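Participant: Task: produce atomic coordinates for the following.
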Amino acid sequence: MTPRSVRMSRVTFVNPRGRNTWKRLIDMPKVDCLEIATMEMYIMGVEGAKFLCRIMKYLVQTGITPQFIINKLTDVADAEDEDKAEVRRKVTDFIRKIIAGAFAVRTCDYFRVAPPQRDDYLHIDPISLTCAVIDRARTFGVMLSLNKIGLQMPASLAGIWETKLQSSMSSGAQLENNIKSLDPADRDNARYHMKAIENDPERNPTKRRRSG
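Facilitator: As a prediction, the model looks like this:
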């Protein structure tokens with residue numbers, strides 16, 4: 001018998017020292033019905049959840065606390081524009097070291113289309129990772145990056161991107177708010193990409209008629 005609903009429980013890790021608890025770091029989407037679009041996103045998120053589980057296990061084993069990770073991310077968000085790129089570089093190096101330790105690899109990538117096939121190299125699928133995390137982690141910047149490199153999103157994830165896209169297209173102020181966490185150069189790229197989307201004849205029938 002086909003179940004009418006499928007639910008994944010949250011994954012919780014407890015620090016062996018008993019001082020801190022990892023809570024709600026992974027939250028697989030709840031599937032209330034077996035619609036193809038939702039199930040596709042759910043299934044694609046499984047690999048992303050496995051990746052996150054391995055990372056969290058490594059963090060617990062090495063004694064890194066949730067607050068330490070939060071502080072690292074806060075450093076990037078709070079950095080002044082002139083310092084943001086350098087702060088982000090240091091945080092990125094820190095994350096790469098965690099991945100290298102958890103998976104015993106030398107290098108890794110997130111968005112490379114044709115990654116090298118080597119035993120010491122890890123390709124992280126950004127689509128499965130985005131499907132696995134909670135909605136708050138699917139920021140406009142993340143979704144914009146997926147769209148810019150042309151990765152095929154499952155229907156439900158594409159719907160989330162469309163909602164964020166429409167919000168950013170509603171006003172210039174809303175767009176600036178959505179990209180304020182990006183580095184200054186990346187903000188310029190985001191504005192340029194958004195302008196290209198707005199001018200796309202396939203999205204804008206008025207522009208399609210004018211071009212015709």
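Participant: Can you report how many residues lie near Gln117?
Facilitator: 7 (other CB atoms under 10 Å). For glycine as for every other residue, the C-beta is placed from the backbone atoms N, C-alpha and C.
Participant: Surely it is in a strand?
Facilitator: No. According to DSSP: H, G, I helix; E, B strand; the rest coil, the state of Gln117 is coil, so it is not within a strand.
Participant: show me where this structure has helices.
Facilitator: Along the chain, counting by DSSP state H, helices occupy 36-62, 66-78, 81-103, 126-132, 140-148, 155-169, 172-179, 184-198, 205-211.
Participant: any low-confidence regions in the chain?
Facilitator: Within the chain, the ranges that satisfy pLDDT under 70 run 1-37, 203-212.
Participant: Contacts only, for the residue most central in space within it.
Facilitator: Geometric centre of the chain, nearest residue: Thr130, 4.4 Å, by CA atoms, centre = their mean. Contacts for Thr130 (CB atoms under 8 Å, 6 or more residues apart in numbering) come out as Gly48, Ala137, Arg138, Val142, Met143, Leu146, Leu157.
Participant: List the contacts of the third one.
Facilitator: By that I understand Arg138. Applying CB under 8 Å, 6+ apart, the residues contacting Arg138 are Thr130, Leu157, Ile160, Lys164.
Participant: mind checking how far the last one is from Ser170?
Facilitator: According to CB to CB, to the nearest Å, Lys164 stands 11 Å off from Ser170.
Participant: try the first one
Facilitator: Using CB to CB, we find Thr130 at a distance of 23 Å from Ser170.
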